[in-house]
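In: sequence first, then the predicted structure:
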Amino acid sequence: MVGKSVTYVKMSGLVPHTTEQPSILYAALPGMAITAECYNRCKHSAECTGFIIDYIQGACYKVNLHHETEQYLFSPNSSYFKKVCLKVPPHCIKRAWPVDIAPNTQLLGYQHTTITGVVDKWHCAQLCLTGKTEYGRQLDKPLCKSAQYQAWSRTCTLSAETKRSQPEAYGPDPLGQTDYIENQCAECKF
């Protein structure tokens with residue numbers, strides 16, 4: 001898709017399962033804000049495909065995965081930021097990450113649009129961010145605050161709700177086959 005740029009997606013409480021030991025990218029005193037520094041250091045490094053922040057240690061670690069991993073380990077005091085290419089809306093271009101992803105979780109009952117034949121979760125995230133198909137066709141209901149992707153059926157569902165607006169509907173997918181995607185660029189209107 002024309003206009004894609006390098007950005008990050010955030011996975012809170014998770015780290016990628018890898019046999020390679022991540023190397024230190026940046027460290028500060030515990031409690032100091034480090035996300036921006038880690039983001040900038042990784043963004044300018046070709047060998048950095050993502051980074052892990054350990055909030056307790058006040059450090060971040062460079063990840064260089066040569067393959068797509070879909071296996072993550074629970075790490076409640078950490079977040080993983082994965083480098084990806086997405087077309088980010090102009091009003092959101094300065095955001096450090098336009099999308100949060102929570103593997104194996106779902107928001108039940110609030111989807112307004114279902115799209116089949118979606119290649120992967122990144123294409124689903126793109127549909128939610130822009131409200132358009134990869135060919136530029138506007139979706140009927142473009143407002144998307146969150147989406148869900150099921151790889152086994154190649155289905156992307158869009159919603160105007162989030163885990164914050166409907167917390168009782170959010171939770172683990174018992175089958176472990178749904179990825180929850182939250183659009184951090186959705187404009188808040190009062």
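Out: That came through fine. In this text, all values refer to a predicted model and were calculated from it rather than measured experimentally. Residues are numbered from 1 along each chain as shown.
In: quick one: buried residues of the top strand by length along the chain?
Out: For the chain, the longest strand by residue count, based on DSSP state E, is strand 72-86. Neighbour counts over strand 72-86 (16 or more other CB atoms under 10 Å) mark 72, 75, 78, 79, 80, 81, 82, 83, 84, 86 as buried. Glycine gets a C-beta too; all of them are placed from N, C-alpha and C.
In: so the following helix or strand past that strand versus strand 72-86, what angle?
Out: Reading on from strand 72-86 to the C-terminus, the next helix or strand found by DSSP states H and E is strand 99-103. Going by axes from the mean of the first three to the mean of the last three CA atoms, to 10 degrees, strand 99-103 is angled at 140 degrees with respect to strand 72-86.
In: residue 42 and residue 53 touch, don't they?
Out: No - contact status for residue 42 versus residue 53: not in contact, 10.5 Å apart, counting by CB atoms under 8 Å.
In: the residue of the chain most remote from its centre is in what secondary structure piece?
Out: Summary for the chain: using CA atoms, centre = their mean, the residue whose C-alpha lies farthest from the chain's mean C-alpha position is residue 29, with a distance of 27.0 Å. Using DSSP H and E, residue 29 is not contained in any helix or strand.
In: same check on the one 4 residues further on?
Out: In the assignment (DSSP H and E), residue 33 maps to no helix and no strand.
In: CA atoms only for stretch 37-50, dumped as CSV, please.
Out: As requested, the backbone C-alpha atoms of stretch 37-50 are provided in CSV (Å, rounded to 0.1, in the frame of the first residue of the first chain):
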residue,chain,number,x,y,z
GLU,A,37,14.4,7.0,24.1
CYS,A,38,13.9,3.3,23.4
TYR,A,39,11.6,4.0,20.5
ASN,A,40,14.1,6.4,18.9
ARG,A,41,17.1,4.1,19.3
CYS,A,42,15.2,1.1,17.8
LYS,A,43,13.7,3.2,15.0
HIS,A,44,17.2,4.2,13.8
SER,A,45,18.7,0.7,14.0
ALA,A,46,18.3,-1.7,11.1
GLU,A,47,19.1,-4.6,13.4
CYS,A,48,16.2,-3.7,15.8
THR,A,49,12.9,-5.3,14.8
GLY,A,50,11.3,-4.3,18.1
